[in-house]
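A.B. asks: The sequence and its predicted three-dimensional model are supplied below.
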Amino acid sequence: MSDLLIQSSHLTKTFGHKAALRDVTCSIGRGRIVGLLGPNGSGKTTFIKILCGLLQPTAGTLAVDGEPVGLHSKAIISYLPDRMYFADWMKATDLFDLFQDFYADFDRQKAAEMCRSLGVEPRDRLKTMSKGTKEKVQLVMVMARKAQLYLLDEPIAGVDPAARDFILNTILTNYNEAGTVLLSTHLISDVERVLDEALFLRQGEIILHNSVDNIRESEGKSVDSLFREMFRAVPMEGGRF
Amino acid sequence: MDWILTDDRPIWMQLSEQMARRIVAGQYAPGSKLPSVRELAADAGVNPNTMQRALSQLESDGLAVANRTAGRTVTEDTAAIEAIRHRMARQVIGEFLSAVRALGYTREDIIKLLKEEENHE
Amino acid sequence: MLRKLLKYDFRSVIKEFSILWPAALVMALVMRFTLSMADAEILGFDIASAIESLVYFGILVAMAVVTLIFIIQRFFRGILGEEGYLMNTLPVKSWQLVLSKLISAMVVTIFSSLIALLSILLLIPSSLYDVFGVAFQVIVDYFSSGRPDNALYALEFLILMLLSVSSSITMFYLAMAIGHLFGRNRIAASVIAYIALNAVVNALVMVLAVAAAILDINMDFIAAMTAQQALHAAFLLMIAGCLVLTLIYYFAATYIIKRHLNLE
């Protein structure tokens, strides 16, 4: 078991001529809740997808728990994508079966309990559920695992503030404390109080990586205010694309 | 009591202060068991690491004691609690005095004002 | 892990075909009934048989189309589409993902063919039932002729059928995997890749034939063969060809998914 859960070195990803990630070097430890913060199109989703093996980096290296992305990393990562991933024919119980078969750390009983408390009937076909309910099911699948690394891509985008609190609370009360949560969002004020660390991305580059406490102490302002200041400056720079 | 978190300072400091206030106000009695980090964190809607740090601060301030078996309890040292309570009260009074003096009140005016306020209640 | 993957691929097969397969058989039975009524009373024989042929044809086409779409979509959506977010993050190897899809696709093809065959048999008018007896007798005679080659031909034919199915399916897979390498218009790219693959394979066969002619390879050994040997040789050659193609397509598709998966 490596001390550092994520080690990324000069990680770069380009789509055609457009760089989605440039030279990203960072390391993230265990037992942390880390915010991957940046405006839309800053490379948050790209970074997460490379971590879970859905995108292949153009250059650079990446290790999860000391190993390159592969069977081991996939077994310890619990990934919440920014979209629905079910097959049409599935019920939530089919997903339970699937997770139970493939993930040793999946707690079926916990998943069933979470569904109950969220008012989701696991025997309904997913196709017939509302978008919000489907999202709840995916959140349940992800949080019912005792994973080493939770990768949550925009878990609170597109939902109302009450649902946001609810989702954050679900994450806070269910994640494995020995593991790390990496969650991407552009809604910083909502997540700031749950974060240990903030990682700012701008146009595919890391421009800040520090603990939230340090940022508040040294800047005398919230991460959210700092974020707003930093990204307000973007249009002034210009020229770089 | 709700948690009030402002933007300007680290969250753990604010949590620690608010916990201390709860203890000196008797909301958590001396020697009583404190809720777990996880419970408190969920209640405040913060990260457990942050709450952990806040509670460690309480320990080094002498308000809480970590037990190997029973989790964390409020200290039984009532004198220590009283001392901190006193310090907090003095701090509030100090802030009050400087605010009222800034309005041009003298020491005598202030005492008179406080007495009037007491009668109102 | 492969067995677990197959479990879910077969679940999707059952959900997709649990209605279609019985429906095809029921429809054949219904048609059989109405046609025999029409046959006897209202319509002339020619019209009835024309309708029957149309129905046979319709069932065949429908079954083939649904099966083909299913096979393509299970791969395209299930690995390269949104469902790929689930499947490609499971702790399994890419070759297992593809193999599971391939096995379930082959089973679907075999079952759909059998059901299509059965529905056609059901449509045969009772006046022609003697045909079954004759056909059965031919088959019995064939295997009980005392010539061991006959059983071997049947086996070779069966293997060749299976491998030609697998090479067709894996060719679709490879075409979709190649299409996936393109950043946009992946569907169009897949179609073009499929056409190109076909062209390449045809060209290769042609080149081999021409090369054999140009190099003037001594074909005397063929003349020296008995008829049985020649037939076996032909079967084995085709089996080898289909096997090689299946392996190339399968490993190439797996390689692309392992090394160049980019779900955007």
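C.D. replies: That came through, no problem.
A.B. asks: Please make it C-alpha for all contacts and neighbour counts, starting now.
C.D. replies: OK.
A.B. asks: centroid residue for chain A?
C.D. replies: Closest residue to the average C-alpha location of chain A: A:L152 at 2.4 Å, with CA atoms, centre = their mean.
A.B. asks: need the helices for chain B, in chain order.
C.D. replies: Assigned by DSSP state H, the helices in chain B fall at B:11-24, B:37-44, B:48-60, B:78-102, B:107-120.
A.B. asks: out of the ones you listed, which comes closest to chain C?
C.D. replies: With CA to the nearest CA, the closest approach to chain C among these belongs to helix B:48-60: 28.3 Å.
A.B. asks: show me where pLDDT drops low in the chain?
C.D. replies: All of this refers to chain A. Along chain A, the parts satisfying pLDDT under 70 run over A:1-2, A:233-241.
A.B. asks: You answered for a different chain; I wanted chain B.
C.D. replies: Segments of chain B classed as low confidence (criterion: pLDDT under 70) are B:1, B:70.
A.B. asks: related to what we said a few turns ago, so can I have CSV of the helices of chain B showing mean neighbour count?
C.D. replies: Converted to CSV, the helices of chain B look like this (neighbours: other CA atoms under 10 Å in any protein chain shown):
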stretch, mean neighbour count
helix B:11-24, 20
helix B:37-44, 18
helix B:48-60, 21
helix B:78-102, 14
helix B:107-120, 11
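A.B. asks: quick one: secondary structure of A:T12?
C.D. replies: strand (DSSP: H, G, I helix; E, B strand; the rest coil).
A.B. asks: Would you check that it makes contact with A:D23?
C.D. replies: Yes: using CA atoms under 8 Å, A:T12 makes contact with A:D23 at a distance of 5.1 Å.
A.B. asks: Overlap of the contact sets of those two?
C.D. replies: Common neighbours of A:T12 and A:D23, using CA atoms under 8 Å, 6 or more residues apart in numbering or on different chains, are A:G60.
A.B. asks: residues from chain A in reach of chain B?
C.D. replies: Counting by CA under 8 Å from any CA of the partner chain, chain A comes close to chain B at A:32-33, A:168-169, A:172-173, A:193-196, A:212-214, A:216-217, A:220-222.
A.B. asks: Please produce a PyMOL select command covering the buried subset of those.
C.D. replies: Buried members of the residues of chain A next to chain B can be picked out in PyMOL with the line below, counting by 16 or more other CA atoms under 10 Å in any protein chain shown:
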select buried, chain A and resi 32+33+168+169+172+173+193+194+195+196+212+213+216+220+221+222
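A.B. asks: At which residues are the strands of chain A located?
C.D. replies: A:6-15, A:18-28, A:33-37, A:59-64, A:67-68, A:77-80, A:149-153, A:180-185, A:197-202, A:205-211 (DSSP state E).
A.B. asks: Dump the helices of chain B to JSON lines, plus distance to A:K91.
C.D. replies: Output for the helices of chain B, formatted as JSON lines (distance: least, CA to CA, whole Å):
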{"stretch": "helix B:11-24", "distance to A:K91": "42"}
{"stretch": "helix B:37-44", "distance to A:K91": "31"}
{"stretch": "helix B:48-60", "distance to A:K91": "34"}
{"stretch": "helix B:78-102", "distance to A:K91": "56"}
{"stretch": "helix B:107-120", "distance to A:K91": "66"}
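A.B. asks: right, and those helices - which one's nearest B:W3?
C.D. replies: Nearest to B:W3, of all the helices of chain B, is helix B:37-44, at 6.1 Å by CA to CA.
A.B. asks: May I have the closest one as CSV, with CA atoms only?
C.D. replies: In CSV, the C-alpha atoms belonging to helix B:37-44 read as follows (Å, rounded to 0.1, in the frame of the first residue of the first chain):
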residue,chain,number,x,y,z
VAL,B,37,-16.5,13.2,15.6
ARG,B,38,-18.6,11.7,12.9
GLU,B,39,-21.9,12.7,14.5
LEU,B,40,-20.6,16.2,15.2
ALA,B,41,-19.2,16.6,11.7
ALA,B,42,-22.5,15.4,10.1
ASP,B,43,-24.4,17.8,12.3
ALA,B,44,-22.3,20.8,11.3
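A.B. asks: Report whether it contacts chain A.
C.D. replies: Yes: using CA under 8 Å from any CA, helix B:37-44 reaches chain A at B:38, B:42.
A.B. asks: what helices or strands is that helix leaning on?
C.D. replies: With contacts taken as 3 or more CA pairs under 8 Å, 6 or more residues apart in numbering or on different chains; DSSP states H and E, helix B:37-44 sits against helix A:161-174, helix B:48-60.
A.B. asks: ok, now which ones touch A:L195?
C.D. replies: Counting by CA under 8 Å, 6+ apart, A:L195 touches A:32-35, A:212, B:46-47.
A.B. asks: picking that back up, so in terms of bridging, what pairs with the residue nearest to the centre of chain A?
C.D. replies: On the basis of DSSP bridges, A:L152 takes part in beta bridges with A:L80, A:L183.
A.B. asks: That one contacts A:R83, doesn't it?
C.D. replies: No: using CA under 8 Å, A:L152 makes no contact with A:R83, being 11.2 Å away.
A.B. asks: how near is the closest residue to chain B within the stretch 1-150 of chain C to A:L36?
C.D. replies: Closest residue of the stretch 1-150 of chain C to chain B, CA to the nearest CA: C:T89 (27.2 Å). Separation of C:T89 from A:L36 (CA to CA, to the nearest Å) stands at 20 Å.
A.B. asks: neighbour count winner among those two?
C.D. replies: Set side by side, C:T89 and A:L36 show more neighbours around A:L36, with 27 against 21, by other CA atoms under 10 Å in any protein chain shown.
A.B. asks: near chain A, which residues of the stretch 101-250 of chain C show up?
C.D. replies: Counting by CA under 8 Å from any CA, the stretch 101-250 of chain C comes close to chain A at C:G183.
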